[in-house]
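Asks: here is my input; please provide its structure:
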Amino acid sequence: KAASKIINLEREQVIGNHYEYVFESNDLINELLFKCEEEVKTISSTDVQLICNGKNTTVNISVSPLLNDLNEPIGSVVAMEDLSNLDKLKSTFKKYVSKQIVDKLLENEDLLNLGGQELTVTTLFSDIRGFTRMSENMQPIDVVKTLNAYFDLMIEVVFKFDGTLDKIIGDELMVIYGAPIPGHDDTKRALFTALEMQRLLEDFNDTRKKVGANPIEIGIGINRGKTIAGNIGSKEQMNYTVIGDAVNLASRLCSNAKSGQILVSESVYLEVVDYGIFDFQRLDSIFVKGKENEVSIFSLVKCNCSPKVIAAFDLVLELLLKLAPELYYHSISHTLDVFRTSRNIALSEGISDSDLELIQVAALFHDTGFLEKSVGHEEISCKLAQDNLGSLGFNKEQITSVCEMIRATKIPQQPTNLLGKILADADLDYLGRTDFQEIASLLYKELSHQNNLLLEAEWDQIQIKFLRNHHYFTKTSIKLRTEQKNKHLQSLIEKYL
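Replies: Residues are numbered from 1 along each chain as shown. A predicted model of the protein is given here:
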């Protein structure tokens, strides 16, 4: 079938016919076959444009003599490797994405649809502020050198976070995350790209100031939404890109961003707010071209975690994607809830930065044991932490501290120090929150799946007993959560009065 596709002839049209008929429109292959017959040896050629029966295909070709038992030539064997898709993919994407992305596409070409498909992507635009005015006072060669140095720096960041460089328009960059390969962390990577761009620009400008050059300042806009992705253009010039209203909004946000500012849409904010790793400032809504109503916007301020915590965050989230779907309560959402809450409690308790780092890592790992089983999951979580944290730069003493905190979450909770108390309180923070019923229902659903269906009355009695026996440990949680927790307890008791 593959050979028939390459030479553009059906099997019946090939069998029994002379090769000069089959390859009548390709002199090169006929020459290779003739030379093989004449010299009785294998002849090869690479990267050949095979024009065969109206079809153009790029191939590697090898022609070998076919010999009988007496070592006499009785024909030739033609082997061809179709390079068309490989070359098409390489030429399309090598200028847009990092080598890692190209390798993924080569491993699985099904990931790619150049003809056009609807994809939800995160789009980033960055633009140099006042560059046109600045360039008027520069020599043309200096303008080019400045832009090239700037783009070298920015594009390196784009590829570091596996973004797709869509295009460069003057002094503007357009980058997409989620095409050609969608990922669960597309928006997170876009935000890290923006923060890294601004950080590196500070160093870049320090160097420029030393030689008397004006600093460069940029504004960045980021939006997430549905787009059409594919190869778009003319027969002579095709480029992989994304188009749609979501892309236009990202561009408008970039235009509205001040120097040094990263503006993001509400869809971007909602995509990552549960991670708890970014600080945002809500701004006044704005009108943008193409939108009838005001658009809600946020300013990305910073990433509030250390690089080691981010490394642990990425590692754990990849692991937790494999959690069983029937873990309705002990899910990624619960881990992120504990991660966010533990930071808030730690800051309120006046914990040092180094201890905060350990608390956040313990929060991330504390339920990873559910990947194997629920009973005794704390020790499995500790084992996973011990196996992975050394490679992330944590020493034995720090890893031991992390494991102590994880063990402090085991029911009944018995933390032995402040760090353990913080994680224990974060793990059961929901008991004293207004979303108690919503989260408790997930635990009820999970337990019912494990132990057959629990009656509502049985579940209520379990909750009453647990709430009566539970108490918070930190001053922060005692102050903020005890009163509401007691209200939940009283509400459950009153159901049976």
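Asks: strands along the stretch 51-200 of the chain, start to end?
Replies: 55-67, 73-82, 117-128, 164-169, 172-177 (DSSP state E, counting those that start in this stretch).
Asks: which non-adjacent residue is nearest I464?
Replies: L492 (5.1 Å; C-beta to C-beta, 6 or more residues apart in numbering). (Each C-beta comes from the backbone N, C-alpha and C, glycine too.)
Asks: low-confidence stretches in this structure?
Replies: Within the chain, the stretches with pLDDT under 70 are 1-4, 6-7, 19, 21, 23-25, 47, 52-56, 83-115, 233-238.
Asks: and the longest strand for it?
Replies: When the chain is parsed with DSSP state E, its longest strand is strand 218-233.
Asks: that strand: what's the following helix or strand?
Replies: Once strand 218-233 ends, the next helix or strand along the chain (criterion: DSSP states H and E) is strand 238-243.
Asks: tell me the strands beside that next one, with direction?
Replies: strand 218-233 (antiparallel) (DSSP bridges).
Asks: just the CA atoms of the strand it pairs with, as PDB, please.
Replies: What follows is strand 218-233, C-alpha atoms only, in PDB (Å, rounded to 0.1, in the frame of the first residue of the first chain):
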ATOM      1  CA  ILE A 218       7.700  46.200  26.700                       C
ATOM      2  CA  GLY A 219       4.000  45.600  27.400                       C
ATOM      3  CA  ILE A 220       2.500  42.100  27.300                       C
ATOM      4  CA  GLY A 221      -1.000  40.900  26.700                       C
ATOM      5  CA  ILE A 222      -2.300  37.400  27.200                       C
ATOM      6  CA  ASN A 223      -5.700  35.800  26.500                       C
ATOM      7  CA  ARG A 224      -7.100  32.200  26.300                       C
ATOM      8  CA  GLY A 225      -9.900  31.100  24.100                       C
ATOM      9  CA  LYS A 226     -11.000  29.100  21.000                       C
ATOM     10  CA  THR A 227      -9.100  29.700  17.700                       C
ATOM     11  CA  ILE A 228      -8.700  28.100  14.300                       C
ATOM     12  CA  ALA A 229      -5.200  26.700  13.900                       C
ATOM     13  CA  GLY A 230      -3.500  25.500  10.700                       C
ATOM     14  CA  ASN A 231      -1.400  26.300   7.700                       C
ATOM     15  CA  ILE A 232      -2.800  29.600   6.400                       C
ATOM     16  CA  GLY A 233      -1.600  31.500   3.300                       C
END
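Asks: picking that back up, thought the residue nearest to I464 was touching K465?
Replies: No. In this structure, L492 is not within contact of K465 by C-beta atoms under 8 Å, at 10.1 Å.
Asks: higher neighbour count, those two?
Replies: Remark: of L492 and K465, L492 carries more neighbours, 18 against 10, as counted by other C-beta atoms under 10 Å.
Asks: now do the strands in the stretch 201-350 of the chain.
Replies: 218-233, 238-243, 262-265, 278-282, 297-303.
Asks: identify whichever of the ones you listed lies nearest to A250.
Replies: Ranking the strands of the stretch 201-350 of the chain by proximity to A250 (C-beta to C-beta) places strand 218-233 first, at 3.8 Å.
Asks: and the closest one, what's buried?
Replies: Neighbour counts over strand 218-233 (16 or more other C-beta atoms under 10 Å) mark I218, G219, I220, G221, I222, N223, R224, G225, T227, A229, G230 as buried.
Asks: repeat that for stretch 29-48.
Replies: I29, L32, L33, C36, I43, V48.
Asks: before we move on, back to that, okay if I get the strands of the stretch 51-200 of the chain as JSON lines plus distance to V157?
Replies: Converted to JSON lines, the strands of the stretch 51-200 of the chain look like this (distance: least, C-beta to C-beta, whole Å):
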{"stretch": "strand 55-67", "distance to V157": "34"}
{"stretch": "strand 73-82", "distance to V157": "36"}
{"stretch": "strand 117-128", "distance to V157": "10"}
{"stretch": "strand 164-169", "distance to V157": "11"}
{"stretch": "strand 172-177", "distance to V157": "9"}
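Asks: turn those into a markdown table, columns for distance to N248 and mean neighbour count.
Replies: Listed next are the strands of the stretch 51-200 of the chain as a markdown table, based on distance: least, C-beta to C-beta, whole Å; neighbours: other C-beta atoms under 10 Å:
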| stretch | distance to N248 | mean neighbour count |
| --- | --- | --- |
| strand 55-67 | 37 | 16 |
| strand 73-82 | 39 | 14 |
| strand 117-128 | 9 | 23 |
| strand 164-169 | 13 | 17 |
| strand 172-177 | 11 | 24 |
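Asks: nearest to L327, of these?
Replies: Nearest of these (C-beta to C-beta): strand 117-128, 25.6 Å.
Asks: out of the buried residues of strand 218-233, who's nearest L442?
Replies: Among the buried residues of strand 218-233, R224 lies closest to L442 (C-beta to C-beta), at 26.4 Å.
Asks: contact partners for L119?
Replies: Residues near L119 by C-beta atoms under 8 Å, 6 or more residues apart in numbering: G178, A179, P182, K226, T227, I228, A229, V242.
Asks: partners of it in the sheet?
Replies: T227.
Asks: quick one: E271 and N223 touch, right?
Replies: No. Using C-beta under 8 Å, E271 is not in contact with N223, being 10.4 Å away.
Asks: which residues do these two both contact?
Replies: With C-beta under 8 Å, 6+ apart, E271 and N223 have common neighbours T122.
Asks: any idea how far the residue nearest to N214 when sequence neighbours are not counted lies from I155?
Replies: Distances taken as C-beta to C-beta, 6+ apart place M134 nearest to N214, at 5.8 Å, with adjacent residues excluded. Using C-beta to C-beta, to the nearest Å, M134 is found at 21 Å from I155.
Asks: please apply the same query to L418.
Replies: 46 Å.
Asks: closest one to L455 out of the buried residues of strand 218-233, please.
Replies: Using C-beta to C-beta, the buried residues of strand 218-233 come closest to L455 at R224, 43.1 Å.
Asks: any idea which residue sits dead centre in the chain?
Replies: D185 (3.1 Å; C-alpha atoms, centre = their mean).
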